[in-house]
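J.: Quick one, what's the 3D model for this:
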Amino acid sequence: MGDPKDNLAVLQKYLLSLSHHNPQWQPHMYNIAEDCEEDEENSNDIETSRYMDNIAEDCEDDEETSNATKTSHNTGTSCTGPSDPRPPIAIILTPSAGRQMVAARNIKTGEILLREPAFLPLVPPSRSDADLQPICVGCLANLPGEGYAQCGGCGAPLCTSECPQSGHSQDECRVLERLEMKTKEDPSEKLQAAKQCASLLTALRIIQEFEKKPQNQNLLWTMEANLKQRSKMNKGWQREQKILSGLRDNLQLNVDEDTVFRICGLFDTNSFEVPVSESQDGRCRAFFPAVAMMNHSCVPNTQEWFIDNFMIVRAAHDISKGSAVTLNYTKFLWGTRLRRDFLMHTKFFICGCLRCRDPTELGSHVSSLRCKKCSGMIVPPVGHSDKKSPWKCMGCKIALPGPAAQMVLTSAALRYSKVKSSNEESIKSTLTTIERAIGPQHFTAVDLRFKLIKLMSKRLSDLSVNELQSLVQMIRSFLGVIQLILPDMSIFRGTINLYYVQAVSQLLQRDDYSKTENKNAIDIENNENSMNHNENSISHEKRLGIRKFLVEEVLNNSSATVNVDDLDILDETDPQCEKYNTDEDLPKKMPSSSPPNESHIYKAGFDSYAGIKNITLQDLIELTQETRNILLYSKKYQKEINDILGILNNMVTKKSSSS
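T.: From the prediction side, this is the model:
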């Protein structure tokens, strides 16, 4: 990778070259070269270096006092926002975190930190051989196994003969001709060639990009590829060897082994999976060198948007000067063990953020189990403990052996893996079983509830009044959990808000609802059949208890051993499911073990409308407007939100006229 300080200087210069994409930085206040190809040393480079060095010194001072991500309070330091004459962010080198992006000044919630265009061509996502499928070489959308269009030159798969977003160049077409996709008539051979095309496309596009713009390789080579760690991973290394062979043997390219392996490592380590488009099915990978300098946190302080080949980074809450600017590399609904395993196997580090250090996961208990003895929460061990470490109840302090806890979770995961994600009844049935086995607060159950919310929200007009009331209550319950682990200005939070206002708006338009409800407020009562749980448990399951029953399923099909009697402290022999759908059931506060200066990030922003039973039309309009601000960069969502606002404003007008 070269000298760390030299590499840092390249990245710093690249960041400042983005000034013409970021007018909020006021680039006219300092004359930074617009192109990172220039290597001239001038007074502005010296000034920029001093600017970055000053920020780095501030951060080193801060590191001595705290390793946690800091957020701003009423410190007496004013934030002047977009009028500041420098970028609000900087890339620095620190002893503990290496290169990272930090706040160069105090940053306010919602402020745009960075707009960065994709540095390299878009490429397919990383997939194993088993998961490979044909993709359109123009827009990278997923395609069926047969019946797709083909490029007239090389025969590569296309979504249409004239893909509107074609990233398929003539140079690429000439090389892909060597796969002979156009001449293959046997369906299985044609499918195999299309899959090989998808597997080779990333390396081919980047190699051709380097040939056209060799200066781009200089910047890319300053970034981490984790080659040493990746060489120890048999499956990943075998996949890359297969790509190298395909480039040399099938595409007849004279490519260097180190270059191919480094490209694969760089994309797996630093790229971002983004949607192909709002209207098409599929994901692709984009490369943003500046955004890649943002370190990971399971409690991130930014939200990123991919729009028109640009990544837009927005502050999800206030960030104080010198604090790390972070984003989330994982799925936020995952529990700590799953997040840490994913990061260790893909990014080669162990996360030590606030959420990972807290066994209650910021009070959400999405990794905890319910205790039979005291109805308290049995929390997992934290830190670098292995899977044999005991779990402990926060109430009665009883210990649950680690293998027993892991077996219950494995059995629940097995049930989860069999659910049909497009079938409401399948989700409800599995949710009933999993809630009884590991509790409604566990992330597996929370994720199933989210799947159910999405499915029901797609057919609001078909739902009965009772079903709509149940959906509204379910969303309120869901928001009560995610408010503890997500900042307010996040896409996911905004999406759930949108589901909520859509469901309530639909409910208000029903004649059979409006005739029976208080016209001055929206009264959403708890519904006993909120989740429509399927209680048809089999007799053996009732006799043995749901957790023991599930574990027995796993033990019958594996060589694992566990003392099933250890599961007696886990609460569930009663087939009746505990409903996690009332405000009283929701976790209310941050755990006392959490640093107090972080708790305001996860303030109960939803309590203003979910913690009360009656919601006025004006409350709903204000929530919808807030949601519009959160989802500011989604054309699809903006249209839906404007439609809802129109409906709500019409209701207000009618109400005023009638009174």
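J.: so how far is Thr336 from Gly352?
T.: Here Gly352 is placed at a distance of 11 Å from Thr336 (Cβ to Cβ, to the nearest Å). Every residue, glycine included, has its C-beta placed from N, CA and C.
J.: Which one's more surrounded, these two?
T.: Set side by side, Gly352 and Thr336 show more neighbours around Thr336, with 22 against 14, by other Cβ atoms under 10 Å.
J.: mind checking how far that one is from Ser375?
T.: According to Cβ to Cβ, Thr336 and Ser375 sit 22 Å apart.
J.: again with Leu247
T.: Counting by Cβ to Cβ, the gap from Leu247 to Ser375 is 59 Å.
J.: and these two? which has more neighbours close in?
T.: Set Leu247 next to Ser375 and count neighbours by other Cβ under 10 Å: Leu247 wins out with 20 against 12.
J.: A helix includes the more buried one, no?
T.: Yes - counting by DSSP: H, G, I helix; E, B strand; the rest coil, Leu247 falls inside a helix.
J.: Could you double-check that it lies in contact with Val260?
T.: Yes - in terms of Cβ atoms under 8 Å, Leu247 counts as a neighbour of Val260; the distance is 6.5 Å.
J.: shared neighbours of these two, anything?
T.: Ala203, Ile207 (Cβ atoms under 8 Å, 6 or more residues apart in numbering).
J.: tell me the SS of Phe348?
T.: coil.
J.: Which residue is the nearest non-sequential neighbour of it?
T.: Gln229 (4.6 Å; Cβ to Cβ, 6 or more residues apart in numbering).
J.: can you count the residues close to that neighbour?
T.: By other Cβ under 10 Å, 16 other residues sit near Gln229.
J.: before we move on, which element is it in?
T.: Element membership for Gln229, per DSSP states H and E: helix 227-230.
J.: quick one: contacts of that helix?
T.: Against helix 227-230 from outside (Cβ under 8 Å, 6+ apart): Gly236, Trp237, Glu240, Phe261, Arg262, Cys264, Gly265, Asp268, Phe348.
J.: next one: stretch 366-376
T.: By Cβ under 8 Å, 6+ apart, stretch 366-376 touches 333, 335-337, 359-361, 377-380, 391, 393-396, 398, 400, 405, 408, 438-439, 441-443, 446, 481, 485, 568-572, 578.
J.: ok, now stretch 162-170?
T.: For stretch 162-170, the surrounding residues in contact (Cβ under 8 Å, 6+ apart) are 121-122, 136-140, 151, 153, 156, 158, 208, 277.
J.: all helices for the stretch 301-450 of the chain, in order.
T.: 336-346, 354-357, 402-417, 424-438, 443-457 (DSSP state H, counting those that start in this stretch).
J.: As a markdown table, the ones you listed with distance to Gln303 and mean pLDDT would be great.
T.: As requested, the helices of the stretch 301-450 of the chain are arranged in a markdown table below (distance: least, Cβ to Cβ, whole Å; pLDDT from 0 to 100):
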| stretch | distance to Gln303 | mean pLDDT |
| --- | --- | --- |
| helix 336-346 | 18 | 91 |
| helix 354-357 | 16 | 93 |
| helix 402-417 | 27 | 90 |
| helix 424-438 | 28 | 91 |
| helix 443-457 | 18 | 96 |
